[in-house]
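# Sequence below, structure please.
(one chain, ligands or ions: 1)
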Amino acid sequence: MIGNKMRDAINKQINNELYSAYLYLAMSAEAEIKGYKGTAQWFRVQFQEEMEHALKFKKYLLEQGAEVQLEAIAKPKIGFKSLLAMFEATLEHERFITDCIGKLMDLAVKEKDYATQILLQWYVTEQVEEEANDSEIIGMLKMAGSSTGALLMLDKQLGKRGAKG
Ligand code: FEO
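Now for the predicted structure:
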């Protein structure tokens, strides 16, 4: 059993993860309509990962006998002038999520909620990976600059990202 504060905070995080999924789905559609099919695929996979993050929290709450409360998901902010701007916004969003996970961990420590701390460790590791991936892509996009050829090659590379098993 987990405390009400922890339950409410995890429910809020389910909404954050669902917003992340929604944001990346919107980015995927935007990339596709602009002709960047590889980037669209990359964001589609990211969308699926975010759904898994939300479902993992939901499963945990149910296992703990706690109520799952789904709130409205905000409209994602899109409309980017370049792929670089899209990935910079992605990294910024992931930093926000990392901060949210950190705050959840602070609460779990304060409440001496060891089970939630163990669950959150997975998310802490995942955030390191996500930020590193985004930073790497931003670095490559900066190198590509305004070269259409380089951008298309990079887009093709991003399209190789498959759905995680
Ligand atoms: Fe669920 Fe991208 O963090």
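# going forward, measure contacts between C-alpha atoms and count neighbours the same way
Fine.
# count of neighbours near residue 108?
22 (other CA atoms under 10 Å).
# Check residue 145 too.
Residue 145 is flanked by 11 other residues according to other CA under 10 Å.
# For the residue nearest to it when sequence neighbours are not counted, give me its contacts.
Distances taken as CA to CA, 6 or more residues apart in numbering place residue 151 nearest to residue 145, at 7.8 Å, with adjacent residues excluded. For residue 151, the contact set (CA atoms under 8 Å, 6 or more residues apart in numbering) comprises 141, 144, 145.
# Give me the distance between residue 151 and the ligand.
Noted for residue 151: a distance of 24 Å to the ligand, by CA to the nearest ligand atom, to the nearest Å.
# That residue sits in which helix or strand?
Take DSSP states H and E as the rule and residue 151 turns out to sit in helix 148-158.
# and if you look at residue 14?
helix 4-33.
# Sort out which residues of that helix are buried, please.
6-7, 9-32 (16 or more other CA atoms under 10 Å).
# Need the three-state assignment for the closest residue to the ligand within the chain.
Residue of the chain nearest the ligand, by CA to the nearest ligand atom: residue 50 (4.7 Å). Following DSSP: H, G, I helix; E, B strand; the rest coil, the label given to residue 50 is helix.
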